[in-house]
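Q: When you get a sec, could you give me coordinates for this:
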Amino acid sequence: MPQNPASQGPASRRAVSGRAGTRRLPLYVLKEVVPWYLGGVLLFLTLQMTDVLSSTVGYFLAYRVKPVQALGLFANLLPGLLNKCLVLSVPFAVLLAFGRLAKDSEFKAAMAAGVRPLALLLPLALPALLVGTLAYYNAGWLTPGSQARWWNSYYRVVFNLAAPPPSTKSYAYAQGDTFFSAGRVQNNDGGARAQLTGVLVVQGDNVYSSQYGLWDASAHTWTLQGGSSVMADGVPRPLVGTLVLPQNDVLKRPDTEPNQTSTPALQAQLAALKRVTPLPDEHKRVVAFELSRRMADPFTPLVFVLAAGALGLLLSNRAWAAASVILFIFGFYVLWSTVPSLAQAGALSPGLAAWLPNLVFLLLGGGLAWRLR
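A: I've put the predicted structure just below:
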């Protein structure tokens with residue numbers, strides 16, 4: 001006996017009512033996903049803000065930070081938090097929306113009307129690209145500036161201090177038969193002088209070391225304060241007073257932290273590092289990874305549409321959809337948060353490490369799509 005059309009849901013009737021219903025169904029899927037996406041952004045933003053509050057509210061209360069000042073501080077964190085929300089809300093929305101459609105047998109009605117499963121993902125591709133574009137701009141321009149303002153405001157409001165200035169780590173410079181190195185170069189005011197920490201100078205057969213020193217770029221000198229020396233006879237001796245050594249290198253303002261640097265400035269920073277030290281080192285890998293991640297993350301929403309969408313089309317009910325959301329986001333976040341340390345240690349190239357989460361989930365989506373062909 002044929003089924004009474006009046007007993008079907010509105011979307012099911014549209015799906016089986018001919019070509020017009022077939023064309024409307026993908027847009028109907030988009031309308032189902034969008035509210036879940038907006039809800040996911042709000043949910044993830046709330047969870048992250050709760051985590052931030054739990055780690056900072058104690059300081060604010062202890063140092064009697066005014067509510068208006070606290071709100072200004074938190075406003076500077078929003079761009080960085082929002083980027084994660086924009087991306088992670090994509091699988092959240094797709095899986096939960098598809099779970100609802102599967103529960104109400106709307107996908108079965110669509111297949112019966114001749115709609116190919118993967119065609120239901122096409123309307124989601126353009127919104128995913130728009131989300132990726134917003135994430136790219138946010139990560140490369142808005143977030144770095146807001147991160148710098150957060151730290152400057154945090155030190156000023158909570159500790160009544162200026163934020164620590166950037167410093168150069170592992171400085172090395174060769175001049176004739178003299179080799180200069182320092183564990184840290186701290187230029188507090190951007191002037192001609194800088195504090196040196198962990199100083200080692202090799203001059204011919206003589207070796208000088210000191211815990212602290214002073215770099216005077218206007219006088220072209222390094223001054224070692226205390227420490228020890230080892231002459232050609234190999235006998236260590238304490239340095240009495242100060243030792244002044246000529247040093248002709250140019251004192252440059254240290255680079256800011258990568259997460260506080262805009263994308264164009266970070267590209268210039270990486271190019272300068274390659275000119276100075278062609279071989280890869282830890283700092284160069286960190287900068288290269290940050291740049292590569294800012295290129296890779298905007299494509300993640302599109303990858304999620306394929307992977308989460310193909311997975312959602314295979315779901316049979318809402319329970320599986322909820323479980324899939326947890327496993328999907330957890331698996332991606334674990335991989336996404338692990339690759340920075342692999343890139344920093346040199347276990348993976350910065351480019352491969354940044355794109356690895358996308359590649360893994362692209363393969364997952366491709367495998368699931370192959371089952372749906």
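Q: could you measure V244 against F180, distance?
A: Distance from V244 to F180, counting by CB to CB, to the nearest Å: 13 Å. (Glycine included, C-beta is placed from N, CA and C.)
Q: Tell me which of those two has more neighbours.
A: F180 (22 against 13; other CB atoms under 10 Å).
Q: Q247 is in contact with that one, correct?
A: Yes: assessed by CB atoms under 8 Å, F180 is found in contact with Q247 at 5.9 Å.
Q: what touches both of these two?
A: By the contact definition CB atoms under 8 Å, 6 or more residues apart in numbering, F180 and Q247 are jointly contacted by 173, 222.
Q: how about the strands in this structure?
A: 167-175, 178-186, 193-203, 206-216, 221-225, 228-230, 236-238, 242-246 (DSSP state E).
Q: List the buried residues for stretch 339-349?
A: 339-340, 342-344, 348-349 (16 or more other CB atoms under 10 Å).
Q: what sits up against that stretch?
A: So stretch 339-349 is contacted by 280, 282, 285-286, 288-289, 293, 350, 353-354, 356-357 (CB under 8 Å, 6+ apart).
Q: neighbours around L368, how many?
A: If we define neighbours as other CB under 10 Å, then L368 has 19 of them.
Q: can you check P301 too?
A: Neighbour number of P301 under other CB under 10 Å is 28.
Q: I'd say it and G132 touch.
A: Yes: using CB under 8 Å, P301 makes contact with G132 at a distance of 4.9 Å.
Q: what's the closest of the contacts of stretch 339-349 to A93?
A: P357 (18.8 Å; CB to CB).
Q: so that closest one touches S337, yeah?
A: No: the pair P357 and S337 does not pass the contact test of CB under 8 Å, sitting 9.5 Å apart.
Q: and the two? which has more neighbours close in?
A: More crowded of P357 and S337, by other CB under 10 Å: P357, with 23 against 10.
Q: got the CA positions of stretch 352-365 in PDB?
A: Output in PDB follows, covering the C-alpha atoms of stretch 352-365 (Å, rounded to 0.1, in the frame of the first residue of the first chain):
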ATOM      1  CA  LEU A 352      54.500  19.100   7.400                       C
ATOM      2  CA  ALA A 353      53.700  19.500  11.100                       C
ATOM      3  CA  ALA A 354      51.300  22.400  10.400                       C
ATOM      4  CA  TRP A 355      49.400  20.600   7.600                       C
ATOM      5  CA  LEU A 356      49.500  17.100   9.200                       C
ATOM      6  CA  PRO A 357      46.100  17.400  11.000                       C
ATOM      7  CA  ASN A 358      44.400  18.500   7.800                       C
ATOM      8  CA  LEU A 359      46.100  15.700   5.800                       C
ATOM      9  CA  VAL A 360      45.000  13.000   8.400                       C
ATOM     10  CA  PHE A 361      41.400  14.200   8.300                       C
ATOM     11  CA  LEU A 362      41.400  14.600   4.600                       C
ATOM     12  CA  LEU A 363      42.400  11.000   4.300                       C
ATOM     13  CA  LEU A 364      39.700  10.100   6.700                       C
ATOM     14  CA  GLY A 365      37.100  12.000   4.800                       C
END
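Q: Helices - which of the buried residues of stretch 339-349 land there?
A: Mapping these onto helices (DSSP state H) picks out 339-340, 342-344.
Q: per-residue pLDDT, the residue lying closest to L291 once chain neighbours are set aside?
A: Leaving aside its sequence neighbours, L291 sits nearest to L266 (CB to CB, 6 or more residues apart in numbering; 5.6 Å). pLDDT, L266: 95.
Q: before we move on, what about L81?
A: Reported pLDDT for L81: 94.
Q: Does it touch L47 like I think?
A: No: the criterion here is CB under 8 Å, and L81 misses it with L47 at 9.5 Å.
Q: more crowded one of these two?
A: Using other CB under 10 Å as the criterion, L81 and L47 rank with L81 on top: 20 against 12.
Q: Not counting residues beside it along the chain, what's closest to the more buried one?
A: Nearest non-adjacent residue to L81 (CB to CB, 6+ apart): Q48, at 4.6 Å.
Q: surely that neighbour meets N83?
A: No: with contact defined as CB under 8 Å, Q48 does not count as touching N83 (10.5 Å).
Q: more neighbours, these two?
A: N83 (20 against 17).
Q: quick one, helices of the protein?
A: Using DSSP H, helices in the chain cover 10-15, 19-62, 67-103, 106-112, 122-137, 143-158, 263-276, 282-296, 300-313, 318-345, 350-372.
Q: In a markdown table, list the ones you listed along with distance to Y171.
A: A markdown table is the format used below for those (distance: least, CB to CB, whole Å):
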| stretch | distance to Y171 |
| --- | --- |
| helix 10-15 | 65 |
| helix 19-62 | 33 |
| helix 67-103 | 30 |
| helix 106-112 | 61 |
| helix 122-137 | 34 |
| helix 143-158 | 23 |
| helix 263-276 | 11 |
| helix 282-296 | 11 |
| helix 300-313 | 37 |
| helix 318-345 | 19 |
| helix 350-372 | 22 |
